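**Student:** generate coordinates for the sequence data below:
(one chain, ligands or ions: 1)
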Amino acid sequence: MKYFDWKTHFASLFRALHEAGYQDWTDLIEEQLKQRFDDNPHGDMARWLAALETLPARSEVEARLDTSAITLSSSTPLAKQDQVKLEKGLRGLMPWRKGPFQFFGTYIDTEWRSDWKWDRVAPYLSDLQGRRILDVGCGSGYHCWRMRGEGAARVIGIDPGLLFMFQFLSVKQYLGDVPVDLLPIRMEDLPDNLEAFDTTFSMGVLYHRRSPLDHLLELKGTLRKGGELVLETLVVDGPEGYSLMPEDRYGQMRNVWFLPSCDTLLRWLDRTGFRNARVVDVTDTTTDEQRSTDWMRFNSLEDFLDPDNPSLTIEGYPGPKRATVIAEKP
Ligand SMILES: Nc1ncnc2c1ncn2[C@@H]1O[C@H](C[S@+](CC[C@H]([NH3+])C(=O)[O-])CC(=O)[O-])[C@@H](O)[C@H]1O
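**Tutor:** This next block holds a predicted model:
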């Protein structure tokens, strides 16, 4: 079994947390990472590590973090055998869901056009320059890179999906010591009331939580006073107070619990102590934004909608519509 040297990998994050006075938090994360990587390693980890190691070394890498595809380039062209290695390594990290990315000319057309979500959210954010940011449920870290591209001082993404972490590392290993990290942990694993972040994002996570109000309270606890919450989630049409709980799956997704109306969502934010909550965007998710590609060959949104009426999910619920809400912690 190949060993992932997580202590070395996360050393600069641990150092930064320690310097910021978060020693308890560091100890807690170290314990969780030890469990994930040493005590109970995922069965595919050796394969993912091998894929990562297959990626060819490159010098003088330049990154563009402010364009629709996170783009890595270098001044010297890739030799033929390195091109083969690059393709093999990146293919070894499939399925690629959140992106897109561009690795030295190889474009990863991910299942999701995550850049479209970013374009909907970004115009409404407080300036990210110099901010400390938490991105809960960050997937491959695509949006974490975009946040850094907007000048964030430190970005921490958390997501329990380990393949996402290896996809994230495929970018990060070319960039050296950048203050952007992805921790493979869940929101519930963070200490309560960290009050450490200027902006916390939770995009695409609330409907996966059985207890959405507790999720909002947990998010509030991560923010400093005056910090900003950016919440994006599935919503349904309906009056204040209304929310849909699917009988079982929603659009074939398991673990979908509450889909509130926008007004209900605003009330939830108000009742959990946020201020100035406002809906800044509501958009139907289309099969142009979420679809199967050469880099994610499983079924996608088109297969999860009613073939006779694509405005409904295959289970007969209203099709996916997502709202973005911004609010402050008083
Ligand atoms: N308890 C949890 N704690 C942390 N993460 C979780 C938890 N439960 C699920 N996740 C993670 O939240 C992400 C939700 S996807 C949104 C990605 C990105 N934010 C996007 O907006 O494109 C949306 C979707 O696929 O439905 C997944 O990567 C989960 O592993």
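**Student:** report the contact partners of the closest residue to residue 137 other than its chain neighbours.
**Tutor:** Using CB to CB, 6 or more residues apart in numbering and skipping residues adjacent in sequence, the residue nearest residue 137 is residue 205, 3.7 Å away. Placement of C-beta: from N, CA and C, glycine included. Shown in contact with residue 205 (CB atoms under 8 Å, 6 or more residues apart in numbering): 136-137, 187, 215, 233.
**Student:** give me the distance from stretch 283-299 to the chain's centre.
**Tutor:** Here stretch 283-299 is found 17 Å from its chain centre; the criterion is CA atoms, centre = their mean, to the nearest Å.
**Student:** what comes up buried for that stretch?
**Tutor:** Of the residues in stretch 283-299, those buried by neighbour count under the rule 16 or more other CB atoms under 10 Å are 285, 289-293, 295-296.
**Student:** ditto for stretch 50-63
**Tutor:** Under 16+ other CB under 10 Å, the buried positions of stretch 50-63 are 51-52, 54-56, 58, 61, 63.
**Student:** just those residues: which are in strands?
**Tutor:** Counting by DSSP state E, the buried residues of stretch 50-63 place 61, 63 in strands.
**Student:** what's the closest of the buried residues of stretch 50-63 to residue 227?
**Tutor:** Of all the buried residues of stretch 50-63, residue 227 sits closest to residue 63, with 27.1 Å by CB to CB.
**Student:** pretty sure that closest one sits against residue 69.
**Tutor:** No - using CB atoms under 8 Å, residue 63 is not in contact with residue 69; the gap is 11.2 Å.
**Student:** which pair in the contacts of residue 205 spans the largest distance?
**Tutor:** Farthest pair in the contacts of residue 205 (CB to CB) is 187 and 233. Separation: 13.7 Å.
**Student:** helices or strands next to the longest strand seen in the chain in the packing?
**Tutor:** For the chain, the longest strand by residue count, based on DSSP E, is strand 223-234. For strand 223-234, the elements it packs on are helix 114-121, strand 197-203, helix 212-222, strand 259-260, helix 262-271, strand 321-328, judged by 3 or more CB pairs under 8 Å, 6 or more residues apart in numbering; DSSP states H and E.
**Student:** could you measure the residue nearest to residue 137 against residue 322, distance?
**Tutor:** Distance, residue 205 to residue 322, by CB to CB, to the nearest Å: 12 Å.
**Student:** quickly list what's touching both of the two.
**Tutor:** Shared contacts of residue 205 and residue 322, defined by CB under 8 Å, 6+ apart, comprise residue 233.
**Student:** how close does residue 236 sit to residue 319?
**Tutor:** For residue 236, the distance to residue 319 - CB to CB - is 10 Å.
**Student:** burial check on the residue in the stretch 1-150 of the chain that the ligand sits nearest to, number of neighbours?
**Tutor:** Among the residues of the stretch 1-150 of the chain, residue 137 lies closest to the ligand, at 2.7 Å counting by CB to the nearest ligand atom. Neighbourhood size, residue 137 [other CB atoms under 10 Å]: 22.
**Student:** hmm, it is touching residue 159, no?
**Tutor:** Yes - using CB under 8 Å, residue 137 is in contact with residue 159, at 5.6 Å.
**Student:** do I have it right that residue 136 meets residue 204?
**Tutor:** No - with contact defined as CB under 8 Å, residue 136 does not count as touching residue 204 (9.6 Å).
**Student:** how about the nearest residue to the residue nearest in space to the middle of the chain, chain neighbours excluded?
**Tutor:** Nearest to the mean C-alpha position of the chain, by CA atoms, centre = their mean, lies residue 138 at 1.4 Å. Leaving aside its chain neighbours, residue 138 sits nearest to residue 157 (3.1 Å; criterion: CB to CB, 6+ apart).
**Student:** before we move on, what SS does the one you found have?
**Tutor:** strand (DSSP: H, G, I helix; E, B strand; the rest coil).
**Student:** circling back to that earlier point, lowest-confidence one in the contacts of residue 205?
**Tutor:** The lowest pLDDT within the contacts of residue 205 belongs to residue 187, with 94.
**Student:** show me what from the chain comes close to the ligand.
**Tutor:** Within the chain, the positions near the ligand by CB under 6 Å from any ligand atom are 98, 112, 114, 117, 136-139, 158-161, 186-188, 203-205, 208.
**Student:** at 8 Å instead, please
**Tutor:** 97-98, 112, 114, 117, 135-139, 142-143, 158-161, 164, 185-189, 201-205, 207-209, 215, 232, 253, 255 (CB under 8 Å from any ligand atom).
**Student:** now the phi/psi pair for residue 300, please.
**Tutor:** phi -140, psi -160 (degrees, to the nearest 10).
**Student:** per-residue pLDDT of it, please?
**Tutor:** Note on residue 300: pLDDT of 97.
**Student:** quick one, what contacts it?
**Tutor:** For residue 300, the contact set (CB under 8 Å, 6+ apart) comprises 111, 287, 290-292.
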